[in-house]
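Asks: predicted coordinates and the sequence they were generated for:
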2 protein chains.
Amino acid sequence: MHTSDIVRVVLTRGQPESEHLVDVVVADESGAQRAWGRVDAPVIPRSAIKAVQAVPLLRTGAAAANELSEIEVALAAASHSAEPDQVAAVERWLARIGAGADDLECGSDRPLNEAEDDRMLRAGEAFGPLQNCCSGKHTGFLTIAHHLGLDHQGYIEREHPVQRLVTEATEQFTGLDLSAAVTGRDGCGIPTFSMPAEALAAAMARIVRPGRFDDATAEAATTIARAMVEHPWWVSGTGRPEVTLARVATEPLLTKGGAEGVMVAALPERGWGIAVKSRDGARRGADTALAAVLELLEVVPAGTSRSEVTNKAGTVVGEMYAIVP
Amino acid sequence: MHTSDIVRVVLTRGQPESEHLVDVVVADESGAQRAWGRVDAPVIPRSAIKAVQAVPLLRTGAAAANELSEIEVALAAASHSAEPDQVAAVERWLARIGAGADDLECGSDRPLNEAEDDRMLRAGEAFGPLQNCCSGKHTGFLTIAHHLGLDHQGYIEREHPVQRLVTEATEQFTGLDLSAAVTGRDGCGIPTFSMPAEALAAAMARIVRPGRFDDATAEAATTIARAMVEHPWWVSGTGRPEVTLARVATEPLLTKGGAEGVMVAALPERGWGIAVKSRDGARRGADTALAAVLELLEVVPAGTSRSEVTNKAGTVVGEMYAIVP
């Protein structure tokens, strides 16, 4: 395992202005192979671990019993932008399992997509839990409860059978024992765990190279990976890094962002997983660092990670780029 | 001069999640007296230096000739939230000097105040340069041009007489020679300079203790400081740190934020200035660090800097606090 200095993401405005320190770990299914910064950097993965959290939906048979489409599987692992087609798809899925927006325990939110947020305000429409970027994942949780004949109320709590299944999958893919772990609560209410960056990177490698697991688990992982690689827009939304990186990638690429500066990626053809954490929690730091490491790995073209900074009048006033030692 | 380790601002979610590194310098009119991190940390002050940038408006006699109110002086040094009363005040001031929104070269923007942003969208109103948080400062620039009989077009360019006056004031208060400095362009289009944190802190000390300067300059500084101390809402907006810190301060307090994680403060009774830069550019890092240092200096009550983190459902999921070594 080769460790280098931490990745720095620099923002300039004539002169250097700000800087993000970003830990990056590349792993295969056995563990870290390459790291910048701390291989054991503590990461609360937030939404970046949704691929793993979607495993029980497939593994319990809930997806098959409810004939979920590949797009619905992608939505179960998504932080969507609440664009109209995305919200409509979640709504139809909820109706199919006899549930509605009121059953979602993720909380109301506004669309991540600014244009849709503006459109809803102009149209006088109300924001609700469907607009929460996690509404697809939560519909997946409700689908599990529905399939297993469980009372879905409180499905976001750590001791609810649905979250027990999610924690079990998280332990399995990360290789961690979380039974005594201190939990936090995610933006959408479910339990979160802090873990070493290496464990998160390895979990992503195992999503695309799940040979170590039983057949049902391996099939679940493969289905999720395929859905996320094929449908990055359904996993994220217009203009988001998941979409723009997939568009320029020269091989199949799965990426997923999480709040507080987390990004993960997986390369199915290589069997590699990548975990990225901007120590300060900045989205731009994580996105730029992941793009730069993907350049280094020759997954995306050189220059992908470099971007211009513009001001209110649209004038270019600086740039943002990563220094990968 | 006593230097300590850098201030760390920690965000938790059950466990530590993210962390900001924040340089802080406390200076009197002669220079740094106390620092956490690098006393010479490079800072592009952005909007945090607006008190200094407002000096020519007063010193040229433009403010007196146009009978500017104390609130208009505060707006000249403001990054307002574009709340209705603030926008109306800028509009009236522009009309008084025979100018209009079209003369502003700051670029169009949306209100920093989210409720006002939502209201405008619901009402179908268009965003323009008046909503740009810098429209008061730019109206000040137009007032100088009007008073001096200058062509105001291009007043944001470094070589325009208005910006020459602004640069001259910046050199005077910071004690720096900026004649050969590399400039950047600010969010609102005017030139920006990178400077050591000490120079910015000392400039703020000199705004409230301007005895070293000629009478016109000292009077300008005193007028600006009084306006900013007395009218923090006009300098910022509802719920912003400039307002909340002033509300709990036990002595007169001037604070002003700038983009990319900059905050400054000045304590008129002590003759001190403070410069704060979150290295990663995070607003929350700078705001929390300044509040914590103001606690240490017994300007605001203990606990002011500590805040709760809530999720979409309104549940408390963590906290944010500063560690000041």
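Replies: Looks like it came in fine. Numbering: from 1, shown residues only, chains lettered A, B, ... in the order given.
Asks: pull the contacting residues for A:V264.
Replies: Going by CB atoms under 8 Å, 6 or more residues apart in numbering or on different chains, A:V264 touches A:45, A:48-49, A:51, A:200-201, A:204, A:255-256, A:258, A:273-276. Backbone N, C-alpha and C define where each C-beta goes, glycine included.
Asks: looking at those residues, which are in helices?
Replies: A:51, A:200-201, A:204 (DSSP state H).
Asks: OK, contacts around the closest residue to chain B within the stretch 51-200 of chain A?
Replies: Relative to chain B, the nearest point of the stretch 51-200 of chain A is A:G184 (2.8 Å; CB to the nearest CB). Applying CB under 8 Å, 6+ apart to A:G184 gives the contacts A:44, A:191-194, B:12-15, B:17, B:317-318.
Asks: let's see if you can find the most crowded of the residues you listed.
Replies: Counting neighbours by other CB atoms under 10 Å in any protein chain shown, A:I44 comes out on top of the contacts of A:G184 with 29 neighbours.
Asks: name the helix or strand for the residue lying closest to A:A99 once chain neighbours are set aside, please.
Replies: Excluding the flanking residues, the one nearest A:A99 by CB to CB, 6 or more residues apart in numbering or on different chains is A:L142, at 5.1 Å. Taking DSSP states H and E as the criterion, A:L142 maps to helix A:135-148.
Asks: coming back round to it: and the contacts of A:V264, which is closest to A:E157?
Replies: A:I49 (18.2 Å; CB to CB).
Asks: the closest one contacts A:A203, doesn't it?
Replies: Yes. When contacts are counted by CB atoms under 8 Å, A:I49 is listed as touching A:A203 (7.0 Å).
Asks: can you pull the residues that touch both of the two?
Replies: Residues touching both A:I49 and A:A203 (CB under 8 Å, 6+ apart) are A:T170.
Asks: show me where chain A has strands.
Replies: Taking DSSP state E as the test, the strands found in chain A are A:2-4, A:7-13, A:15-28, A:31-36, A:42-43, A:183-185, A:191-193, A:195-196, A:254-258, A:262-267, A:272-278, A:307-310, A:316-323.
Asks: please identify the most buried of those.
Replies: strand A:272-278 (a mean of 30; mean count of other CB atoms under 10 Å in any protein chain shown).
Asks: tell me which parts of the stretch 151-300 of chain A are close to chain B?
Replies: A:182-189, A:192, A:194, A:260-261, A:278-282, A:285 (CB under 8 Å from any CB of the partner chain).
Asks: looking at these, which are in helices?
Replies: Per DSSP H, those map to helices at A:G285.
Asks: re earlier: now the residue of the stretch 51-200 of chain A closest to chain B: closest residue in space, sequence neighbours ignored.
Replies: Leaving aside its sequence neighbours, A:G184 sits nearest to B:G14 (CB to CB, 6+ apart; 2.8 Å).
Asks: phi first, then psi, for the one you found.
Replies: phi 80, psi -50 (degrees, to the nearest 10).
Asks: thought it was touching B:G318?
Replies: Yes. Taking contacts as CB under 8 Å, B:G14 lies within contact range of B:G318: 6.9 Å.
Asks: buried set for stretch A:286-302?
Replies: A:286-297, A:299-300 (16 or more other CB atoms under 10 Å in any protein chain shown).
Asks: A:P268: which of these is nearest?
Replies: Distances from A:P268 to the buried residues of stretch A:286-302, taken by CB to CB, are shortest for A:V299, at 11.4 Å.
Asks: ok, the closest residue to the closest one other than its chain neighbours - contacts?
Replies: Distances taken as CB to CB, 6+ apart put A:A249 closest to A:V299, at 5.5 Å, once the chain neighbours are dropped. For A:A249, the contacting residues are A:294, A:299-300, by CB under 8 Å, 6+ apart.
Asks: check A:K277 too.
Replies: Contacts of A:K277 by CB under 8 Å, 6+ apart are A:22-23, A:41, A:43, A:197, A:261-262, A:286.
Asks: so A:G187 touches B:T310, yeah?
Replies: No. Contact between A:G187 and B:T310 fails when scored by CB under 8 Å: they sit 9.5 Å apart.
Asks: find residues that contact each of those two.
Replies: Joint contacts of A:G187 and B:T310 (CB under 8 Å, 6+ apart) are B:V317.
Asks: lowest confidence element among the helices and strands of chain A?
Replies: strand A:183-185 (a mean of 90; mean pLDDT, DSSP states H and E).
Asks: now do that strand: distance to the chain's middle.
Replies: Computed by CA atoms, centre = their mean, to the nearest Å, the chain-centroid distance of strand A:183-185 equals 17 Å.
Asks: next: stretch A:209-220.
Replies: Here the centre of stretch A:209-220 is set off from its chain's centre by 20 Å, with CA atoms, centre = their mean.
Asks: now that stretch: mean pLDDT?
Replies: Mean pLDDT, stretch A:209-220: 98.
Asks: next, the buried residues of it.
Replies: Buried residues in stretch A:209-220, counted by 16+ other CB under 10 Å: A:209-210, A:213, A:217-218, A:220.
Asks: how about stretch A:98-110?
Replies: A:99, A:101, A:103-110.
Asks: the closest residue to A:L75 other than its chain neighbours: how many residues sit nearby?
Replies: Sequence neighbours aside, A:G136 is the residue nearest to A:L75 in space, at 3.2 Å (criterion: CB to CB, 6+ apart). Neighbour count of A:G136, defined by other CB under 10 Å: 30.
Asks: pretty sure A:G136 is touching A:S81, no?
Replies: No. Using CB under 8 Å, A:G136 is not in contact with A:S81; the gap is 11.3 Å.
Asks: which residue packs closest to A:A205, ignoring adjacent ones?
Replies: Nearest to A:A205 is A:G273, by CB to CB, 6+ apart, at 3.5 Å.
Asks: next, find the distance separating that neighbour from chain B.
Replies: Counting by CB to the nearest CB, to the nearest Å, the gap from A:G273 to chain B is 21 Å.
Asks: on that earlier part again, what subset of the ones in helices among the contacts of A:V264 is buried?
Replies: Buried members of the ones in helices among the contacts of A:V264, scored by 16+ other CB under 10 Å, are A:51, A:200-201, A:204.
Asks: can you redo those residues as TSV with pLDDT and distance to B:Q163?
Replies: Listed next are those as TSV, based on pLDDT from 0 to 100; distance: CB to CB, whole Å:
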residue	pLDDT	distance to B:Q163
A:A51	98	52
A:L200	98	49
A:A201	98	49
A:M204	98	50
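Asks: for those residues, which two are the farthest from each other?
Replies: A:A51 and A:A201, at 12.5 Å, using CB to CB across those.
Asks: coming back round to it: how about the residue nearest to A:A205, what does it touch?
Replies: So, once contact is read as CB under 8 Å, 6+ apart, A:G273 ends up touching A:26-28, A:200-208, A:264-267.
Asks: and it, bridged to which residues?
Replies: A:A27, A:A266 (DSSP bridges).
Asks: and the pLDDT at it?
Replies: 98.
Asks: equivalent analysis for A:A180, please.
Replies: We note a pLDDT of 87 for A:A180 in this prediction.
Asks: ok, it - how many residues close by?
Replies: Using other CB under 10 Å, A:A180 has 5 other residues around it.
Asks: can you pull the contacts of it?
Replies: Counting by CB under 8 Å, 6+ apart, A:A180 makes contact with nothing.
Asks: quick revisit: ok, the residue nearest to A:L75 - contacts?
Replies: A:72, A:74-78, A:80, A:86, A:89-90, A:93.
Asks: much appreciated, bye for now.
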